[in-house]
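Participant: following is a predicted model, sequence given first.
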Amino acid sequence: MSRVGKYPVPVPAGVTVALQGRTVIAKGKLGELKLDLTDEVDVEVGASGVAVNPRGESTRQRTMWGTTRSLINGMVVGVSTGFTKSMEINGTGYRAAVQGSDLVLSLGYSHEIRYPVPKGIKITCEKPTAIKVEGIDKRQVGQVAAEIRGFRGPEPYKGKGVKYENEMILRKEGKKK
């Protein structure tokens, strides 16, 4: 039984959630997000929030019940407050800067890496070793942060590379003589 799906999604003030056919639309101060529903669930928009119910008792329908509720909750939070991923860069000479619509990374390679910032995402660098990825779509924010981390992930010996702010790097002991 889904423990997530049975609770309605609370809708804060300033956010409107509408159902048009099989599409849920959430509008807020930061923008608008849409979600196409699967055939396994039904959604009802009421005064207490957005309720998601499975259409049957099959495993697939009960799985999509919790998943759909979670996706709708992510949309509501995204259009009201947004999502943020903070990243740190460790290493001598490693740095980041935003130039126009590109994120320019110097990560110890013979060239700098230019990452074009996708539409709907805002990237800021308060310090040359700190990157903040912001947006309203939780999936897109996570994907962009993962792509940036993928250019040079943290290595286990000195911890050099790009890592998430709260990520713990398990350190290994180096060679012994």
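Facilitator: Sure, I can see it.
Participant: from here on, contacts and neighbour counts on C-alpha atoms
Facilitator: OK.
Participant: adjacent strands (with direction) for the top strand by length along the chain?
Facilitator: Determined from DSSP state E, the single longest strand within the chain is strand 83-90. Sheet pairing of strand 83-90 (DSSP bridges) gives strand 130-135 (antiparallel), strand 161-164 (antiparallel).
Participant: what about the last one, average pLDDT?
Facilitator: Model confidence over strand 161-164 averages 95 on the pLDDT scale.
Participant: now that strand: buried residues?
Facilitator: By 16 or more other Cα atoms under 10 Å, the buried positions in strand 161-164 come out as 161-164.
Participant: which residues are contacting it?
Facilitator: Applying Cα atoms under 8 Å, 6 or more residues apart in numbering, the contact partners of strand 161-164 are 85-91, 94, 107, 148-149, 151-155.
Participant: which residues of this protein score low on pLDDT?
Facilitator: 1-2 (pLDDT under 70).
Participant: kindly report the domain assignment for it.
Facilitator: 16-80, 83-164 (automatic domain parsing).
Participant: how about these in JSON lines, adding distance to Val4?
Facilitator: Formatted as JSON lines, the domains of the chain follow (distance: least, Cα to Cα, whole Å):
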{"stretch": "domain 16-80", "distance to Val4": "5"}
{"stretch": "domain 83-164", "distance to Val4": "18"}
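Participant: so where do the strands sit in the protein?
Facilitator: 16-20, 23-28, 31-36, 41-45, 50-54, 83-90, 95-99, 102-106, 113-116, 121-124, 130-135, 161-164.
Participant: quickly compare the ones you listed and say which is most buried.
Facilitator: strand 161-164 (a mean of 24; mean count of other Cα atoms under 10 Å).
Participant: now do that one: distance to the chain's middle.
Facilitator: The chain centre lies 16 Å from the centre of strand 161-164; the measure is Cα atoms, centre = their mean, to the nearest Å.
Participant: for the protein, what's the longest helix?
Facilitator: helix 59-80 (DSSP state H).
Participant: who's in contact with that helix?
Facilitator: The contact list for helix 59-80 (Cα under 8 Å, 6+ apart) reads 1-6, 8-12, 14-15, 17, 24, 26-35, 37-38, 40-41, 51-56, 135-138.
Participant: buried residues in that helix?
Facilitator: Buried, per 16+ other Cα under 10 Å, within helix 59-80: 61-70, 72-80.
Participant: contacting residues around Pro54?
Facilitator: 40-42, 61-62, 64-65.
Participant: now, the most widely separated pair of those?
Facilitator: For the contacts of Pro54, with distances taken as Cα to Cα, the pair at the greatest spread is Asp42 and Arg62 (11.5 Å).
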